[in-house]
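In: With the input below, show me the fold.
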Amino acid sequence: MVSMSITVNEYTARVLGVIKEKFGLKDRAKALDRFTDMFGEEFVEKEINESTIKEMINDCDNWEKKHKFKRKITIKELDKLCELN
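Out: Below is the predicted model:
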């Protein structure tokens, strides 16, 4: 939990008030949390969980098998590609 003090315009305050009432929330801070839960993923991914990581690794492995992919990039090659040398 992070504590913050914010100033919002009148429209934002009304929207948060409506969300607060619609979902029976305690205060506008909870309404802002609810709004963020509803629309935040359009901008920022939530924390990724272990099952998602396993699924991604499995998908990559399946793709490599399907396309007969054999070559792996080394850290040195990756650094060169990203111009980190």
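
In: When you work out contacts or count neighbours from here on, use the C-alpha atoms and nothing else.
Out: Fine.

In: in stretch 58-75, what's buried?
Out: Buried residues in stretch 58-75, defined by neighbour count with 16 or more other CA atoms under 10 Å: none.

In: Could you tell me the end-to-end distance of it?
Out: Taking CA to CA, to the nearest Å, stretch 58-75 runs 21 Å from one end to the other.

In: likewise stretch 39-58?
Out: Note: stretch 39-58 ends 29 Å apart using CA to CA.

In: per the record, what domains does the protein have?
Out: For the chain, the structural domains run 10-42, 50-81, going by automatic domain parsing.

In: which of those domains is buried the deepest?
Out: domain 10-42 (a mean of 14; mean count of other CA atoms under 10 Å).

In: quick one: Ser3 and Ala29, what's the gap?
Out: Taking CA to CA, one finds Ser3 at 10 Å from Ala29.

In: weakest of the domains of the chain in terms of mean pLDDT?
Out: Comparing mean pLDDT across these, the lowest value falls on domain 50-81: a mean of 88.

In: where along the chain do the strands fall?
Out: All residues of the chain lie outside strands when identified by DSSP state E.

In: May I ask you to name the longest helix in it?
Out: Under DSSP state H, the helix in the chain containing the largest number of residues is helix 50-66.

In: neighbouring contacts of it?
Out: Helix 50-66 is contacted from outside by Phe69, Lys70, using CA atoms under 8 Å, 6 or more residues apart in numbering.

In: Swap in 10 Å and give it another go.
Out: Under the criterion CA atoms under 10 Å, 6 or more residues apart in numbering, residues Lys68, Phe69, Lys70, Arg71 lie in contact with helix 50-66.

In: OK, contacts around the first one?
Out: Read it as Lys68. Asn62.

In: ditto for the third one
Out: Counting by CA under 10 Å, 6+ apart, Lys70 makes contact with Glu64.

In: One more: Cys82?
Out: Contacts for Cys82 were tallied using CA under 10 Å, 6+ apart; they are Lys76.

In: What number of residues are in the vicinity of Met3?
Out: Met isn't right for residue 3; it's Ser. 5 (other CA atoms under 10 Å).

In: Quick one: residues contacting it.
Out: Contacts for Ser3 (CA under 10 Å, 6+ apart) come out as none.
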